[in-house]
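[1] Please find the sequence and the predicted model below.
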Amino acid sequence: MFRQLYNYYFSKNKELTRELTAILGFIPRRIHFYQRSFTHKSQTTNDKSKYPTNNERLEFLGDAILDSVAAEYLFRKYPLQDEGFLTQMRSKMVKRKTLNMVADKMGLEVFLRKQGATRISPTMMGNTFEAFVGAVYLDVGYLRTKKFIVNKMLRQYIDVHHLETLNTNYKSQLLEHSQKHNKEIAYELVEHFRTKNNREKFKIAVHIDGKSMGVAEDYNKKSAEQKASEKALLKMGVIEKQPRPGG
């Protein structure tokens, strides 16, 4: 009986296993974790009987693991750099835009669609990658997950040397530009709320001479201010949209 159930399960997930193996570089064992990583919360909301769980908890786990692996990778790669440099580099490596790009290049959209997702946004792609990392960790543990992140993400899709020269402190750039041109700049907390998974979120607007030039939200104020500042700089033509790393 057990053998029959095993053969049925393996046959049912044979294609998914093969496709995941091509991305991971090893044969996944606990397929249900990966299936959950491709289940967006909107699917759970729309059909809880078919999708009883979503990928938000895995996203939380994967986010922490990515931070840890990126920190160790940079610590070893740059033995002479200080904490400030390492922090900035880690932020560039694991920021939302970078993760969106990595998920896109890995082809994770295909898995999202197979799992039932219809409207896929760039942000959903980055969140899915974090959840995917969480699934890898639960499947094979920390050491093999670290190897996957370093070999399949950092070395394959991210140009670290390009990131070194990339100034992503948009708030600092906007402050400097405003001072240089005698512009008055102000940041406003538009909204402070909690998401469905009980995480704090901040919506920030940046005003130049009383005019709103950028609005953004994130899980902490500093990140939201950075995103709003970037939008303002782009709108004002101070910076150009950066090409995607590895693209």
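    Looks like it came in fine.
[2] For the residue nearest to Met124 when sequence neighbours are not counted, give me its contacts.
    Ranked by CB to CB, 6 or more residues apart in numbering and with sequence neighbours excluded, the top spatial neighbour of Met124 is His40, at 6.1 Å. The way it works is simple: take the backbone N, C-alpha and C, and place the C-beta from them, glycine included. By CB atoms under 8 Å, 6 or more residues apart in numbering, the residues touching His40 are 54-55, 112, 117, 124, 127-128.
[3] Show only the entries of those residues found in helices.
    When DSSP state H is applied, the contacts of His40 are split such that 112, 124, 127-128 fall in helices.
[4] What is the most widely separated pair among the residues you listed?
    Leu112 and Asn127 (10.3 Å; CB to CB).
[5] more neighbours, the two?
    More crowded of Leu112 and Asn127, by other CB atoms under 10 Å: Asn127, with 24 against 21.
[6] Distance check, that one against Gln115.
    Remark: distance between Asn127 and Gln115 (CB to CB, to the nearest Å) = 14 Å.
[7] Ser212 now?
    38 Å.
[8] Now do the domain split for the chain, please.
    Following the assignment in automatic domain parsing, the chain carries domains at 11-165, 170-236.
[9] TSV for those domains, including mean pLDDT?
    Shown next, in TSV, are the domains of the chain (pLDDT from 0 to 100):
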stretch	mean pLDDT
domain 11-165	87
domain 170-236	89
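[10] Looking only at neighbour counts, state which of Ser212 and Gln115 leads.
    Between Ser212 and Gln115, counting by other CB under 10 Å, Gln115 is the more crowded of the two (19 against 14).
[11] Next up, phi/psi of the closest residue in space to that one that isn't next to it in sequence, please.
    Computed as CB to CB, 6+ apart, the closest residue to Gln115 that is not its neighbour in sequence is Phe38, at 4.1 Å. Phi and psi for Phe38, reported as degrees, to the nearest 10, are phi -100, psi 10.
[12] One more: Glu164?
    The phi and psi torsions at Glu164 (degrees, to the nearest 10) take the values phi -60, psi -40.
[13] Then His192?
    Phi and psi for His192, reported as degrees, to the nearest 10, are phi -130, psi 120.
[14] so how far is Tyr219 from the closest residue to it other than its chain neighbours?
    Nearest non-adjacent residue to His192, counting by CB to CB, 6+ apart: Phe202, 5.6 Å away. Going from Phe202 to Tyr219 by CB to CB gives 7 Å.
[15] More neighbours: these two, which one.
    Ranked by neighbour count (other CB under 10 Å), Phe202 and Tyr219 place Phe202 first, with 19 against 12.
[16] The more buried one: what secondary structure?
    Recorded secondary structure, Phe202: strand (DSSP: H, G, I helix; E, B strand; the rest coil).
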